[in-house]
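*Asks:* model the structure of this input:
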Amino acid sequence: MTAALPIGANPWIWYSPVTGRELAALLPRLAGWGFDCVELPLENPGDWKPAEAAALLGGTGLAPAAVVAVMPPGRELVRAGARTVQETQDYLRACVDAAHALGAPAVAGPVYSSVGRTGRLDEAARAEAYRQWREHLWPVLEHARDAGVRIAVEPLNRYETSLFNTVAQTLEGIGDLPGELIGLALDTYHQNIEERSLPGAVRQARGRIAHVQVCAADRGAPGADALDWPGFLAELVAGGWGGPLCIESFTAHNASIAVAASVWRPLAESQDALAVDGLAFLRGALTTLP
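*Replies:* Numbering: from 1, shown residues only. All right, here's what the predicted structure looks like:
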């Protein structure tokens, strides 16, 4: 069986923040290596201009897989003051606008709370946090509906959040929000920590997946580890996923992103090798699915 899923990369493998200058240098290289698409992180509105990014994409033939939302301290939709919530909504609307301008189908990321914010939640507190999140996200979803963009909510591992760690929690939090407006962003790095099996997590998310990110268990190149890649990929295909697999990793050479992502050592011979080896592995693995 051959599953020809598009394969993409995230510029965070090399850079942070990602600006128009970095995109101009990187996108032709990604296309030359054979990638089909690219994620575009938007740490702050204005880091890159959507019209210029769209022209770069058109010139290289790469598709925009998603705009990736970034949630540093101060971006909160839960247990936060009205001004903070408003500013976070404004940022997420800017991400939606960028995705719309590019023709990207989704805005993906932990669009609920800042990365690194953790705390114990009993059942009642968790239910209230989820209710509050749905209320505060709804204006963003309305904006996304008008723009033709879907929000892809990424559960993170226990060290980065205590709100959404698993597929089950994320589905519970989403509740009855419209599926055409909101789904899940699966990331093998986080699912490997929090789920009992990668195929099981995919199976549970079936029909609600809006974006998929992949990397090795240590955030290196996919395949350079002991993850159940055949099971994971087979379950995605069996469930009808036809969207991209985007390699997301980070560089240890950038101080701010190394600390944020806890990347303390090189994860491959080079960042180029991480991307190219991951691409080759995924291409090969997709051709050998049972």
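*Asks:* show me the strands in this protein, by range?
*Replies:* Under the criterion DSSP state E, strands of the chain are mapped to 7-9, 37-42, 63-69, 106-109, 150-153, 182-187, 209-214, 245-247.
*Asks:* can you redo those as TSV with distance to residue 200 and mean pLDDT?
*Replies:* Heads up, the C-betas are built off the backbone N, CA and C, glycines and all. Formatted as TSV, the entries for the strands of the chain read as follows, by distance: least, CB to CB, whole Å; pLDDT from 0 to 100:
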stretch	distance to residue 200	mean pLDDT
strand 7-9	23	98
strand 37-42	25	98
strand 63-69	24	98
strand 106-109	21	98
strand 150-153	19	99
strand 182-187	12	98
strand 209-214	14	98
strand 245-247	18	98
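*Asks:* tabulate those strands in CSV, adding columns for distance to residue 117 and mean neighbour count.
*Replies:* Converted to CSV, the strands of the chain look like this (distance: least, CB to CB, whole Å; neighbours: other CB atoms under 10 Å):
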stretch, distance to residue 117, mean neighbour count
strand 7-9, 28, 27
strand 37-42, 19, 24
strand 63-69, 15, 26
strand 106-109, 14, 29
strand 150-153, 16, 26
strand 182-187, 18, 25
strand 209-214, 21, 26
strand 245-247, 25, 27
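*Asks:* right, and these - which one's nearest residue 57?
*Replies:* Nearest of the strands of the chain to residue 57, taken as CB to CB: strand 63-69 at 5.9 Å.
*Asks:* the helices in the protein, which residues?
*Replies:* With DSSP state H, the ranges of helices along the chain come out as 20-33, 50-60, 82-102, 123-147, 167-174, 188-194, 198-205, 229-238, 255-261, 271-287.
*Asks:* what is the mean pLDDT for the fourth one?
*Replies:* Mean pLDDT, taken over the full extent of helix 123-147, equals 98.
*Asks:* same check, this time on the last one
*Replies:* What helix 271-287 shows for mean pLDDT is 97.
*Asks:* and for stretch 186-193, what's in contact with it?
*Replies:* 154-158, 160, 165, 167, 198, 201-202, 205, 209, 211-217, 219, 222, 227, 232, 248 (CB atoms under 8 Å, 6 or more residues apart in numbering).
*Asks:* tell me the buried residues within these.
*Replies:* Buried members of those, counted by 16 or more other CB atoms under 10 Å: 154-156, 160, 165, 167, 198, 201-202, 205, 209, 211-216, 219, 222, 227, 232, 248.
*Asks:* still on that earlier bit, closest to residue 114 out of the helices of the chain?
*Replies:* Closest to residue 114 of the helices of the chain is helix 82-102 (CB to CB; 9.1 Å).
*Asks:* what's the neighbour count on residue 55?
*Replies:* Neighbour count of residue 55, defined by other CB atoms under 10 Å: 12.
*Asks:* if we can go back for a sec, in TSV, list the helices of the chain along with distance to residue 8.
*Replies:* Shown next, in TSV, are those (distance: least, CB to CB, whole Å):
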stretch	distance to residue 8
helix 20-33	8
helix 50-60	11
helix 82-102	13
helix 123-147	21
helix 167-174	22
helix 188-194	14
helix 198-205	18
helix 229-238	15
helix 255-261	18
helix 271-287	9
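*Asks:* with adjacent residues omitted, what lies nearest to residue 171?
*Replies:* Sequence neighbours aside, residue 208 is the residue nearest to residue 171 in space, at 6.6 Å (criterion: CB to CB, 6 or more residues apart in numbering).
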